[in-house]
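>>> Below is the sequence, then the predicted model.
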Amino acid sequence: MGARILTVDSEIAELRIREYPISDRGFSEDDCLILGRVFDHAMRARILTVTRVGPNGAEAINAELIAERFAAPGQDGTRSSQANR
């Protein structure tokens, strides 16, 4: 049995890339509700691994995902040189 990749539903995907204007009073009430949904969805994301430690364990995978997420975009727009693995 190989790895199974779940995709984000299209509504959440659209909400994630939308721009949310912020004023000196913060986000609008409607935008706060939408952003709450987006963050709630993100907090439910989980990765299941057989082990916690080692090169294929949860700790290593989490470290790689965090590094990739916060890496500066390259010339091709990807965030990691490993994007085409």
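Cool, got the structure. Please read these numbers as outputs of a predicted model, since none were measured by experiment.

>>> make it CA atoms for all contacts and neighbour counts henceforth
Fine.

>>> At the geometric centre of the chain, which residue sits there?
residue 42 (6.8 Å; Cα atoms, centre = their mean).

>>> what helix or strand does it sit in?
Using DSSP states H and E, the element containing residue 42 is helix 29-43.

>>> residue ranges with poor pLDDT in this structure?
Filtered on pLDDT under 70, the chain yields the residue ranges 1-8, 72-85.

>>> how does it look with 50?
Scanning the chain for pLDDT under 50 picks out 1, 81, 83-85.

>>> Now do the helices for this protein: every range, in order, please.
Secondary structure of the chain (DSSP state H): helices located at 10-17, 29-43, 58-70.

>>> Just the CA atoms of the first one, as PDB, please.
Spelled out, it's helix 10-17. Extracted in PDB, the C-alpha atoms of helix 10-17 (Å, rounded to 0.1, in the frame of the first residue of the first chain):
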ATOM      1  CA  SER A  10     -11.800  23.600  -3.800                       C
ATOM      2  CA  GLU A  11     -13.600  26.100  -1.500                       C
ATOM      3  CA  ILE A  12     -10.900  26.100   1.100                       C
ATOM      4  CA  ALA A  13      -8.200  26.300  -1.600                       C
ATOM      5  CA  GLU A  14      -9.900  29.400  -3.000                       C
ATOM      6  CA  LEU A  15     -10.200  31.000   0.500                       C
ATOM      7  CA  ARG A  16      -6.500  30.300   1.200                       C
ATOM      8  CA  ILE A  17      -5.200  32.300  -1.800                       C
END
